[in-house]
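*Asks:* Need a 3D model of the following:
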Amino acid sequence: MKNQPKIFHTISELHVAMGQPKPMHPLISILNYGEAIFDPKDFEQGIILDYYKISFKTHFKGKLRYGHGFYDFEEGGMSFVSPGQILKMQDEEADYSGMSLNIHPDFIRPYSLNSNIKKYGFFNYSASEALYLSEKEKVTILGVFTSIQNELNERIDNFSQDVIISQIELLLNYSNRFYNRQFITRKAVNHDLLSKLENIINDYFDEEKTLVNGVLTVQFLAQELNLSSRYLSDLLRNLCGQNTQQFIHDKLIEKAKEYITTGTLSISEIAYKLGFEHPQSFNKLFKKKTNSSPVAFKESFYKN
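*Replies:* Take a look at the predicted model:
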């Protein structure tokens, strides 16, 4: 149906849709965007792949929409898509150069990579959180893509799959390293995000949104910041040494202490004010974080 995303079950289907020959291996391929021939209007409702897609774009005119945001590739970079995610092409004329590595889950299924690939959080990032590469990093990534392409072109034998798997793992490990560098080198931008996050949390408590929405959640904060939940957690881990859930818990305890020490609310009333449906859940979290129950903390405070 025209108003539905186009689903590609096999890599061969994607090659045909892009006007390219079928891949040499049915479960893995590198598709060169510069050689692709297609009309973006045919995919204006988006595409869904039943396999992994790692894109390396060296230049881009046009934007791709993925998740909540647009990804402007003009400076080049990488993005990572898991099976079942939707990718939309926004502009009518998308003219970009680069390549994509397409990996069917069946290709990695006999290997430890089948389970380990889920540990690479960037497959859960949205496209607006893509990996931007330095010129030196681009050379490194291009080298790995070239090695995989050479293996596919020249050496399909009993060792090919093992060699290609090791190259994919190398590519993912480099990407992990470069994402970590990106968190560090974009500290000014990231600290602005942290300030915005603090304001969102303060407003959530001050406007008593907890009474309507319940306890503050990772999903709510990520949506307010227009980020994926995984990217936000990785960002906070680099900035503060905590994931988003731990960050929220600290803010909850901080606010709880404020309520305990500056007002006349009972512990149950404070729990409800913070969004907890059951006071026991609040008590459990408070004791876990402070080694003291809310009642004991209150008594200790007023005793001093």
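
*Asks:* What values do phi and psi take at the residue at minimal distance from the centre of the chain?
*Replies:* Central residue of the chain (Cα atoms, centre = their mean): residue 125, 1.6 Å from the mean position. Torsion angles at residue 125 (phi, psi; degrees, to the nearest 10) stand at phi -80, psi 160.

*Asks:* Okay, it and residue 137: tell me how far apart.
*Replies:* Between residue 125 and residue 137 the computed distance is 17 Å (Cβ to Cβ, to the nearest Å). All C-beta atoms are positioned from the backbone trio N, CA, C, and that covers glycine.

*Asks:* thinking again about what came up before, wait, what's in contact with the residue nearest to the centre of the chain?
*Replies:* Counting by Cβ atoms under 8 Å, 6 or more residues apart in numbering, residue 125 touches 79, 80, 228, 230, 231.

*Asks:* Check residue 50 too.
*Replies:* Counted by Cβ under 8 Å, 6+ apart, residue 50 has contacts 7, 8, 9, 10, 83, 84, 104.

*Asks:* of those, closest to residue 252?
*Replies:* Using Cβ to Cβ, residue 84 comes nearest to residue 252 of the contacts of residue 50, at 33.1 Å.

*Asks:* So the closest one: helix, strand or coil?
*Replies:* At residue 84 the chain is in coil, as set by DSSP: H, G, I helix; E, B strand; the rest coil.

*Asks:* and it, what does it touch?
*Replies:* Applying Cβ under 8 Å, 6+ apart, we find residue 84 in contact with 48, 49, 50.

*Asks:* pLDDT at the last one, what is it?
*Replies:* The confidence metric pLDDT takes the value 94 at residue 50.

*Asks:* Next one: it relative to residue 165, how far apart?
*Replies:* Distance, residue 50 to residue 165, using Cβ to Cβ: 19 Å.

*Asks:* Please apply the same query to the second one.
*Replies:* Distance check for residue 49 against residue 165: by Cβ to Cβ, it reads 20 Å.

*Asks:* These two: which is more packed in?
*Replies:* Between residue 49 and residue 165, counting by other Cβ atoms under 10 Å, residue 49 is the more crowded of the two (24 against 19).

*Asks:* and that one, what are its phi and psi?
*Replies:* Main-chain torsions, residue 49, degrees, to the nearest 10: phi -110, psi 140.

*Asks:* Let the chain start at 507 from now.
*Replies:* Got it, first residue is 507 now, which makes that one residue 555.

*Asks:* That one contacts residue 520, doesn't it?
*Replies:* Yes: Residue 555 lies in contact with residue 520 (Cβ atoms under 8 Å); the separation is 7.2 Å.

*Asks:* got any residues that touch both of those two?
*Replies:* 514, 608.
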